[in-house]
Structures are given as C-alpha cells and as structure tokens.
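> make a model of this:
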Amino acid sequence: MYGLDQLGSFLQKARKEKGYTQDEFAEIIGASHATLSALENGKSVSSQTLMRAVSDLGLKLVVLPKGARAEVHEDAAFAAAFPRSHEEGSRV
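Reported below is the predicted structural model:
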C-alpha cells in the first residue's frame, strides 16, 4: 500500500525499468511532460492519467476502503526490484 508520493516514485522506477524517458512515456499516456513529472513527484493528477500510466506499465491499481485490511503477495523478483520503504498501513 502506497501514499501518493510513494506511488509516484514506484511508477517512475517502473517506467525506467521499461526503458522509457519521461517524454516518451508522457506521449504514450497522452499527457504532458509536466503532468508526468507531477505524478512521479507525488503531486495530484487526474485519475484518468494515473490509470493510463499504471495500465501502460502493465500494472494494476487496487483501491481499498479506508481501514480495510489486505494481504499482498509478491514474487521475489518483484520485491527485489521494488522494495517497500514505507511503514505498513500507508494508503493511496
């Protein structure tokens, strides 16, 4: 579970892992460079832009009600590539 700033950092790592520059990926998702930069820096952007970025990186975003409990099971390669650096319980 990620806060907006952590989600932005996660998306930036995923974009770089796919080999896209900010300009290339912004064009792919139909956003400006400034909008993608804002997203990757934890700023608020439209939900449509966020969902396009998540989807085009081959990821899924799961939204849970506040206070809900969930278990996340990650494979070892994923966990090594994207370690969690936040306290348990932070939310998007």
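> pLDDT at the residue positioned nearest the centre of the chain, what is it?
The centroid of the chain falls nearest to residue 11 when counting by CA atoms, centre = their mean (3.5 Å). On pLDDT, residue 11 comes in at 95.
> ok, now residue 56?
96.
> do the one 5 residues further on as well
Residue 61 is assigned a predicted lDDT (pLDDT) of 84.
> and residue 38, how many neighbours?
16 (other CB atoms under 10 Å). Backbone N, C-alpha and C define where each C-beta goes, glycine included.
> residues contacting it?
44-45 (CB atoms under 8 Å, 6 or more residues apart in numbering).
> which SS class is it?
Of the three states, residue 38 takes helix according to DSSP: H, G, I helix; E, B strand; the rest coil.
> quick one: pLDDT of it?
Reported pLDDT for residue 38: 97.
> sec struct for residue 19, please.
coil.
> torsion angles phi and psi at it?
Dihedral angles of residue 19 (phi, psi; degrees, to the nearest 10) stand at phi 90, psi 20.
> low-confidence ranges, this protein, go.
Within the chain, the stretches with pLDDT under 70 are 1, 72-92.
> would you map the helices across it?
4-17, 22-29, 33-40, 47-56, 76-81 (DSSP state H).
> make JSON lines from the ones you listed and add distance to residue 63 to it.
As requested, these are exported to JSON lines (distance: least, CB to CB, whole Å):
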{"stretch": "helix 4-17", "distance to residue 63": "11"}
{"stretch": "helix 22-29", "distance to residue 63": "19"}
{"stretch": "helix 33-40", "distance to residue 63": "16"}
{"stretch": "helix 47-56", "distance to residue 63": "10"}
{"stretch": "helix 76-81", "distance to residue 63": "20"}
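> any idea which of the ones you listed gets closest to residue 66?
helix 4-17 (14.6 Å; CB to CB).
> so the closest one versus helix 22-29, what angle?
Inter-element angle recorded for helix 4-17 and helix 22-29: 100 degrees (by axes from the mean of the first three to the mean of the last three CA atoms, to 10 degrees).
> what helices or strands is helix 4-17 leaning on?
Helix 4-17 sits against helix 33-40, helix 47-56, with contacts defined as 3 or more CB pairs under 8 Å, 6 or more residues apart in numbering; DSSP states H and E.
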